[in-house]
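Student: Test case, fold it:
(4 chains)
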Number of protein chains: 4
Amino acid sequence: MSGMWGNKLQISIFGESHGEAVGVTVCGLPAGLVIDDGFIKSELLRRAGGHDKFSTTRLEADEYRFVSGVFGGRASGSPICCVIPNTNTRSTDYDKIKNTVRPSHADFAAHVKYGGFNDYRGGGHFSGRVTAALVIAGALAKLYLKEKGVTVDGRVVTEDLDEKILAAKARLDSVGGVVEVVANGLPAGIGNPFFDSVESVLAHLLFSIPGVKGIEFGAGFALADMTGSEANDPFAVEDGRVVTKTNNSGGVNGGITNGMPVVVRAAFRPTPSIALSQQTVDIAAMENVTYAIHGRHDPCIARRAVVVAESAVAIGLAELY
Amino acid sequence: MSGMWGNKLQISIFGESHGEAVGVTVCGLPAGLVIDDGFIKSELLRRAGGHDKFSTTRLEADEYRFVSGVFGGRASGSPICCVIPNTNTRSTDYDKIKNTVRPSHADFAAHVKYGGFNDYRGGGHFSGRVTAALVIAGALAKLYLKEKGVTVDGRVVTEDLDEKILAAKARLDSVGGVVEVVANGLPAGIGNPFFDSVESVLAHLLFSIPGVKGIEFGAGFALADMTGSEANDPFAVEDGRVVTKTNNSGGVNGGITNGMPVVVRAAFRPTPSIALSQQTVDIAAMENVTYAIHGRHDPCIARRAVVVAESAVAIGLAELY
Amino acid sequence: MSGMWGNKLQISIFGESHGEAVGVTVCGLPAGLVIDDGFIKSELLRRAGGHDKFSTTRLEADEYRFVSGVFGGRASGSPICCVIPNTNTRSTDYDKIKNTVRPSHADFAAHVKYGGFNDYRGGGHFSGRVTAALVIAGALAKLYLKEKGVTVDGRVVTEDLDEKILAAKARLDSVGGVVEVVANGLPAGIGNPFFDSVESVLAHLLFSIPGVKGIEFGAGFALADMTGSEANDPFAVEDGRVVTKTNNSGGVNGGITNGMPVVVRAAFRPTPSIALSQQTVDIAAMENVTYAIHGRHDPCIARRAVVVAESAVAIGLAELY
Amino acid sequence: MSGMWGNKLQISIFGESHGEAVGVTVCGLPAGLVIDDGFIKSELLRRAGGHDKFSTTRLEADEYRFVSGVFGGRASGSPICCVIPNTNTRSTDYDKIKNTVRPSHADFAAHVKYGGFNDYRGGGHFSGRVTAALVIAGALAKLYLKEKGVTVDGRVVTEDLDEKILAAKARLDSVGGVVEVVANGLPAGIGNPFFDSVESVLAHLLFSIPGVKGIEFGAGFALADMTGSEANDPFAVEDGRVVTKTNNSGGVNGGITNGMPVVVRAAFRPTPSIALSQQTVDIAAMENVTYAIHGRHDPCIARRAVVVAESAVAIGLAELY
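Tutor: Alright, predicted model coming up:
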């Protein structure tokens, strides 16, 4: 429960924002899989901030190290543990907020759950920092899927996001966004009815990503306003293969892939850390207080989260495939 | 994988639309829990069709029988198996569609996955009929949650649904809808970061329900268009208790309940079975064909699915609590 | 927890000795597997009592019924639920023992665990009766393994068991026994290091059988008294294949099959139900009492348990293979 | 599968004998649990070799480092990851055995399973070295159990083990042994019937330890030769509490604790690495060869394994309790 996931491809994550390291252990990848370091580095770089005017100025080096499971540049078949040491942390930024729970952050819920023993610095285990570990696992899953001819690609689909980000940044505010991930190359027949439907498995992982508050497949919520004759995807034979003329189902029928691209969208809430003054509570004094969050924060997590969402999808598909 | 779910509250479903029975086994409920038959019956009745002009004319008796785990009207602590015999099935309705895969149904995906050995009659295990078993498990979960002061209530939130249904019915078409479920009475501190976040667990179960294509918590997809200052839920002390002034987070921060109502919405696609003519494929002949689905089908599954969505939420919360 | 098991081949058991039925749901068998009813019946018959002078006079009909997952005589790919109705139960035999906990039975432990709400009649869910459900699952697993060329055969290896049974029966006493199960035809490479070693998985299932108190692989406990030079199994090339000259390891090295027969033995305790007078406690009065168990009981469960132990092994190997 | 285990107390191990490190991630320990470093160190020291004439001369420093989940000396509630760097490894010792599979080692089975991509140096992930990670997890579990008044203590019960070890060492041979572990302080009512019986859970973990080939509870295999009247443990009231006069059941009835000490014994095979000449196979050449294993090896693993067996028992009981 909580830090481990999966049956065939198992992952176990660990780490806190201001602890020694974050990391992940991955079991179930086939022995012999080539561990492409260049690819893993490039995936981590897509997640890292500090590279342009749209993101935080906190520069994360994201040096990682496989401490097990890789032998001669390939998966050995044993659990692969990867550690990403934390650097460039400024714990003093967070000491004063110990009792001032940040709105829409996990501070309050975690304080109650863990009886005040949780590492509150920088959100601790709830920090987006931990998603670097997901990206490692996702990169490994992508390498596995690639061998099977499956690609997983994402992008932000929120309109005018760049302008919104710059405007929000100027106002000391933040904005949300929607990330769409498309998996191509999956054959029909992957997934299950009921508890391990493709949608269930991918949503389970995507909702694990901090900040995700909605998930939809294919036409998603728009389907609620359609009629059956509009929504249904007609089957047709094309080049000797069964395809659908539209893809409102997002490539999944009855929890199982139908051979069309799997299309999923994740709604990311705006970064809850904003420098604007907010109303909250000092839970030690049990008093209402006003609070403005300082520190280096992204005005929008959706953009950096593209690779994280892809990683969740890749992990889920590797589990099912 | 597939038919079983859960760690603390475990469920195992079985059954096909036109087989002998559907049913469910539930493990993990506390011994001594009073099994309120009247409540279970009323929940099944909410799911059953045939009761008004908005739903199918197929009348489902939904007589159920506990074959184990109930002793003297209470949970005995052993696995509770409940069987709901199928009655009133007309298998001949479905024989002709064996090779004509219905658009946006599981027929094609299941045929590929199971190599043609699946029970295709009435959708087999993919039929909405199997959700009667989920409702039994959900009713048991609700009885458990009720003892802890937690209620789970749902409703359709799609605008003008009644008129849309009647209009669609007249056109031999169908419509979708959105179901909202609210859980009240949960304390702060339930759930986990990452893989067993409240959102992950509830979405996993909700996406198991046939026809669900989107899930959102709190303000959900609308959060993507908000700024942080709009989206953040300010904390405040009220009656000596920490509350939030708004509930855009849907009662969950960092995967953990914050003590506010848990609010989740599920988008249901329109019933894919429509009597209008559709384009599809005969997979034996690998030929394009035109096909109109006859039989007794609901013009809208969202309404009957309210209690199914509540059941999924109740099962998930019972697992976490 | 408790009534469900497995990842790839999942089973969920239910039922009590004097309830309506016992049964099992099995997920994960390949669609198309021929469900050989004659074989299943013969397996159940091996477990059933009443057939000779060595076992109980309680005749169990063991009529079973697949209520789902079988279509046209084959596995459909959906969960297979099998129900075995209870017949020939005499609940009045057990009413008086409600508070008189039987020595080395689960009565006391279950009473504490379930707060007195458990179905105490005939041991309820703890009854050997429930192993009929395991035999169904085991028979299905054997059918699956047979297609892969794997056989699972067991026998009692306790010396002079027949004489011991007849002598014990005459004294109103009971005896234990050791069952050995051998799996032939497994290739090298099945199983895992650590938590899913072949030994771990098989022992987990075998220790689920009521009455099993010891498990050993290959030379087992005798290995503790051997030297390495005696215990080690020399490898050799034979007919172009790597074999071992001895099989003290029971076909498993490092948790993984080495291609030799997997050999496991299970020690069954004597039937705890004996007609001799015993000292025990009335847990309602909290008083020491003397008690003799009446009713129809086997003087030795080991013999009937052979097919149950085979079933556990077959389920475990099907999970791993 | 394989490297991860558990539902409530989850562990994930990683590492190879000659890689950078071994380690473990533990989820599910209560936040606030004091992490007693002195105790953990002393447990690792019990496992480490090189301290007396009975064990290997390879000195293992076993310096460990918590990289997550510990905050202010206590469990924070997040996953606890502990890394134990490998030092003092001599990889050249093992290069020549790449294709010479050592009898009763995992070399051959692992080679087949992993297609030759496994890290063969020093047994890789199959090395007893990895049990250091189990000891860390076990020490944490013991700290948790101690707060509940439960102790877990083990010892070697093999007769004349010291003399046997010295004799075997002189002959360049090795010996096996039996370890008994006793858990005191468990209340009645812990554990489950069938798949999560106390015996199933503890045996699953104990059989994960390299070299374990047999497990028995209470009188174990001796029960097979007893009569029911000898084997049954009479209940009695003592000091207002129900106890048993004997403990042939090893504290477990029907898979559930009965309040008496839980007693389990594990049979360890002799160390398979011996300096005597052995017959084996060169799997590259597919030729029979003669081979003597050099390097620093324990003549008996049972003694050092006492703390490992205790750890497995403690982890299992923490999961169940």
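Student: List the buried residues of stretch A:240-248.
Tutor: A:242-244, A:247-248 (16 or more other CB atoms under 10 Å in any protein chain shown). For the C-beta atoms, the positions are set from N, CA and C on the backbone; glycine is no exception.
Student: Same check on stretch A:172-179?
Tutor: Neighbour-count burial for stretch A:172-179 flags A:173-179 (criterion: 16+ other CB under 10 Å).
Student: just stretch A:18-34 next, same as before
Tutor: For stretch A:18-34, by 16+ other CB under 10 Å, it's A:18-29, A:31-33.
Student: Filter these down to the ones in strands?
Tutor: A:21-27 (DSSP state E).
Student: between those, which is nearest residue B:119?
Tutor: When these are compared for distance to residue B:119 (CB to CB), residue A:27 wins out at 34.7 Å.
Student: so what's that closest one bridging to?
Tutor: residue A:10 (DSSP bridges).
Student: Contacts only, for it.
Tutor: A:9-11, A:79-80, D:1-4, D:12 (CB atoms under 8 Å, 6 or more residues apart in numbering or on different chains).
Student: mind checking the SS state of the closest residue in space to residue A:36 that isn't next to it in sequence?
Tutor: Of all residues beyond its chain neighbours, the one nearest residue A:36 is residue A:143 (5.9 Å), with distances taken as CB to CB, 6 or more residues apart in numbering or on different chains. Of the three states, residue A:143 takes helix under DSSP: H, G, I helix; E, B strand; the rest coil.
Student: Quick one: buried ones out of the contacts of residue A:27?
Tutor: Buried members of the contacts of residue A:27, counted by 16+ other CB under 10 Å: A:9-11, A:79-80, D:1-4, D:12.
Student: what stretches of chain A score poorly on pLDDT?
Tutor: Along chain A, the model assigns pLDDT under 70 to residues A:1, A:50-61, A:88-96.
Student: Regarding residue A:87, what is its secondary structure?
Tutor: On the basis of three-state DSSP, residue A:87 is classed as coil.
Student: contacting residues for the nearest residue to residue A:193 once chain neighbours are set aside?
Tutor: What sits nearest to residue A:193 in space, not counting adjacent residues and going by CB to CB, 6+ apart, is residue A:255, at 4.9 Å. Residue A:255 is in contact with A:191-194, A:196-200, B:106, B:126, B:208, counting by CB under 8 Å, 6+ apart.
Student: what about the strands in the stretch 1-150 of chain A?
Tutor: Taking DSSP state E, counting those that start in this stretch, the strands of the stretch 1-150 of chain A run over residues A:4-5, A:10-15, A:21-27, A:65-68, A:70-71, A:74-75, A:80-85, A:100-101.
Student: Ends of stretch A:200-220, what's the gap?
Tutor: 14 Å (CA to CA, to the nearest Å).
Student: before we move on, back to that, surely the residue nearest to residue A:36 is in contact with residue A:35?
Tutor: Yes: taking contacts as CB atoms under 8 Å, residue A:143 lies within contact range of residue A:35: 7.2 Å.
Student: residues contacting the residue nearest to residue A:19 when sequence neighbours are not counted?
Tutor: For residue A:19, ignoring the flanking residues on the chain, the nearest one in space by CB to CB, 6+ apart is residue D:68 at 5.2 Å. Shown in contact with residue D:68 (CB under 8 Å, 6+ apart): A:14-16, A:19-23, A:125, D:25, D:78-81.
Student: So which of those is the closest to chain C?
Tutor: residue D:25 (13.1 Å; CB to the nearest CB).
Student: pretty sure the closest one contacts residue A:14?
Tutor: Yes: at 5.1 Å, residue D:25 counts as touching residue A:14 under the criterion of CB under 8 Å.
Student: Which residues does stretch A:235-249 contact?
Tutor: A:188, A:217-219, A:223, A:226, A:231-234, A:258-261, A:263, B:101, B:103-104, B:108, B:213, B:269, B:279-281, B:283, B:286-288.
Student: ok, whatever helix or strand residue A:264 lives in: who's next to it in the sheet?
Tutor: According to DSSP states H and E, residue A:264 maps onto strand A:262-268. According to DSSP bridges, strand A:262-268 forms sheet pairs with strand A:177-184 (antiparallel), strand A:212-217 (antiparallel).
Student: just the ones you listed: most buried one?
Tutor: Most buried of the strands paired with strand A:262-268 by mean neighbour count (mean count of other CB atoms under 10 Å in any protein chain shown) is strand A:212-217; its value is a mean of 29.
Student: Can you give the contact residues for that strand?
Tutor: A:199, A:202-203, A:206-207, A:249-252, A:262-269, A:309, B:199, B:203, B:213-221, B:223-224, B:249-250, B:267.
Student: now that strand: how far from the chain's centre is it?
Tutor: 12 Å (CA atoms, centre = their mean, to the nearest Å).
Student: Quick check: residue A:257 touching residue A:188?
Tutor: Yes: assessed by CB under 8 Å, residue A:257 is found in contact with residue A:188 at 5.6 Å.
Student: When those two are compared, which one has more neighbours?
Tutor: Of the pair residue A:257 and residue A:188, residue A:257 is the one with more neighbours under other CB atoms under 10 Å in any protein chain shown, namely 25 against 21.
Student: Can you tell me how far that one is from residue A:207?
Tutor: 20 Å (CB to CB, to the nearest Å).
Student: Contact residues of the stretch 51-200 of chain A facing chain B?
Tutor: Within the stretch 51-200 of chain A, the positions near chain B by CB under 8 Å from any CB of the partner chain are A:101, A:103-110, A:112-113, A:123, A:125-126, A:130, A:158, A:168, A:171, A:173-178, A:187-197, A:199-200.
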